[in-house]
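> Following is a predicted model, sequence given first.
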Amino acid sequence: MTGIGIKAMGWAARVVLALALWQLGAGPATADSRVIVMGVQSLDGDDEVARELDETLRKNAKSVPGWAVSPKRISLAQMTLAQGCETTDPGCLADIARMLKVDRLIYGVMQRSGRNADDGFQVQLYLFDAVSGRFEGSALAEVDRDKMEPAPDSALVAGLVRQLAGLSTGATIVVQGSTPGVTVRLDGEQAGKLGVDGQLTLEGVAQGDHEIEVEYSDGPRTGRVSVQDAQRAEVSIREEGETGSAGLFASDDQDPNAADADGEFVPAAADGDPRWWNRNRVLAVSSLVLAAGSAVGMTVSWVGIQDINDNSDFIDFRSAFPPPGSPGGTDDVCVNAEQRVFPSRPTTFSSERWNDLKLSGIDLCDQASRLEVMQYVFLASAVVTGAAGALLLLMESKETEVLVGKASTRLQVRPMLGQSQQGVMATLRF
């Protein structure tokens, strides 16, 4: 690599930056508000339940558009003790937010609804906006104990978080099964168990398409339903040989029996329907923003290396080495600087000047080495996240269905997107 290898990377920086900035035009992007979940304090000693609630709160807060949730696990009690103030003091909360470098604080308290150990809980959550210095929202819920143990009901907590954020509390899905006590999963995550009446009501479900799975003893049975905010859907998923059905009840002009033969229901999008801003689109735009940021970082590192190449001390330091191919010549003077191998002092430099140039060369080469590493990291990040964002934009359509053979045989292909993995699931139905 000649000099510091800038010529080999300069074109890539320009191409990736232009590509990422062009892709950003595919959707809007706004700066996320930094949010931290500071925990729920149990007033009755149910600390384990409170800790589980903290984790579920943190997980669901990450799904709120425009929120960047901190992974830090710091309790408000610790911070107020350190600050010597009260949790009800907005000034104190604002100071804590500034100390933690966040814009919003989520915290709360919980206590038992009665005196018995089997009683449920009353949960009160608060959202404090440090930018305005005011409490932005609150949510109160009376929760049965079986909705909190062994783990908090994710759909219930999601509804509380959406209420805190001023968003819709979501839809309601009633799952009708045939065996009480079996596990029900919503989009792959455990949502509860069928009650003695064979039903389970899921509240606070986000609008969009959802997969319901009921784990019967002879194997799981699945169904799909699409809901919008404030709608109520009923999905019947029964054991083998039993009849299932699905219906959606939302408004006077909606036909509750408009489900297809597979028990799937997808309502027509109304004018101004916000469902276009689905999770695929959010992830796509986030990936493209990250790609653009990586490209900018790569360009900044490229400019930094160019500045080093143009530095007068570095030019003098490089000129002291014989050219490549000649005795003592080198392709990369920074390798020699790292190994502390230098040529004899050129007659054009005084001893003092030569010593200064050697020290300056070592320092500049060290800076250039770090910038080169950053450049490769940013390049890889820009390519990967840019490609992922473009792919997600192509996959944002809810579902692609290809009919194969007879009408009763259908190949269903749909993207599977999670917090830690992505993929495509294909299902062939007979």
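Arrived safely.
> Checking A50 next. Helix, strand or coil?
Secondary structure state of A50, per DSSP: H, G, I helix; E, B strand; the rest coil, is helix.
> can you list the weak-confidence ranges in the stretch 201-350 of the chain?
Residues of the stretch 201-350 of the chain meeting the criterion pLDDT under 70: 230, 240-280, 328.
> all helices in it, in order from the N-terminus.
The residue ranges that make up the helices of the stretch 201-350 of the chain, judged by DSSP state H, counting those that start in this stretch, are 279-309, 312-319, 333-339.
> Comparing the ones you listed, which comes out most buried?
Each of the helices of the stretch 201-350 of the chain was scored by mean neighbour count; the highest is helix 279-309, a mean of 20, by mean count of other Cβ atoms under 10 Å. Quick note: C-beta positions are derived from backbone N, CA and C, even for glycine.
> Tabulate the helices of the stretch 201-350 of the chain in a markdown table, adding columns for distance to L359.
Output for those, formatted as a markdown table (distance: least, Cβ to Cβ, whole Å):
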| stretch | distance to L359 |
| --- | --- |
| helix 279-309 | 15 |
| helix 312-319 | 9 |
| helix 333-339 | 10 |
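> Which of the ones you listed sits closest to L391?
Distances from L391 to each of those were compared by Cβ to Cβ, and the smallest falls on helix 279-309, at 8.1 Å.
> between that closest one and helix 312-319, what angle do the directions make?
Inter-element angle recorded for helix 279-309 and helix 312-319: 70 degrees (by axes from the mean of the first three to the mean of the last three Cα atoms, to 10 degrees).
> Output the contacting helices and strands for helix 279-309.
Contacts of helix 279-309 with other secondary structure elements, assessed using 3 or more Cβ pairs under 8 Å, 6 or more residues apart in numbering; DSSP states H and E, are made with helix 6-23, helix 351-394, strand 410-417.
> What average pLDDT does the longest one get?
In this case it means helix 351-394. The average pLDDT within helix 351-394 is 85.
> And stretch 174-194, by the same measure?
Stretch 174-194 shows a mean pLDDT of 90.
> Stretch 43-51 too?
Averaging pLDDT along stretch 43-51 yields 87.
> residues of it that come out buried?
Judged by neighbour count (16 or more other Cβ atoms under 10 Å), stretch 43-51 contains these buried residues: D46, V49, A50.
> For these, give me CSV that also has distance to D310.
Written out in CSV, the entries for the buried residues of stretch 43-51 read as follows (distance: Cβ to Cβ, whole Å):
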residue, distance to D310
D46, 64
V49, 62
A50, 58
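> So which of the residues you listed is the closest to Q339?
Looking at these and their distance to Q339, the nearest is A50, at 57.3 Å (Cβ to Cβ).
> Helix, strand or coil: sort out L105 for me.
strand.
> hang on, it packs against D95?
No: with contact defined as Cβ atoms under 8 Å, L105 and D95 do not form a contacting pair (11.0 Å).
> Could you chop the protein up by domain?
6-24+283-391, 31-167, 168-274, 400-429 (automatic domain parsing).
> so A191 is in which element?
For A191, the host element (DSSP states H and E) is strand 189-193.
> export that strand as CSV, just CAs?
Presented in CSV, the C-alpha positions along strand 189-193 are these (Å, rounded to 0.1, in the frame of the first residue of the first chain):
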residue,chain,number,x,y,z
GLU,A,189,-43.9,-15.3,21.8
GLN,A,190,-45.9,-16.8,24.6
ALA,A,191,-49.0,-14.8,25.2
GLY,A,192,-50.9,-16.9,27.8
LYS,A,193,-53.0,-20.0,28.2
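> and the residue of the chain most remote from its centre, how far is that from P90?
Of all residues in the chain, the one whose C-alpha sits farthest from the chain's mean C-alpha position, using Cα atoms, centre = their mean, is T347 at 60.2 Å. From T347 across to P90, the span is 71 Å (Cβ to Cβ, to the nearest Å).
> ditto for P180
P180 sits at a distance of 49 Å from P90 (criterion: Cβ to Cβ).
> same thing with Y126?
In terms of Cβ to Cβ, Y126 sits 11 Å off from P90.
> Need the overlap of contacts for the two.
Contact criterion Cβ atoms under 8 Å, 6 or more residues apart in numbering; residues bridging Y126 and P90 by contacting each: F135.
> who has more neighbours, the two?
Higher neighbour count among Y126 and P90: Y126, with 20 against 14, using other Cβ atoms under 10 Å.
> Now for the closest residue to that one other than its chain neighbours: which residues touch it?
Of all residues beyond its chain neighbours, the one nearest Y126 is S138 (5.2 Å), with distances taken as Cβ to Cβ, 6 or more residues apart in numbering. Contacts of S138 were listed using Cβ under 8 Å, 6+ apart, and they are Q124, L125, Y126, L127, L164.
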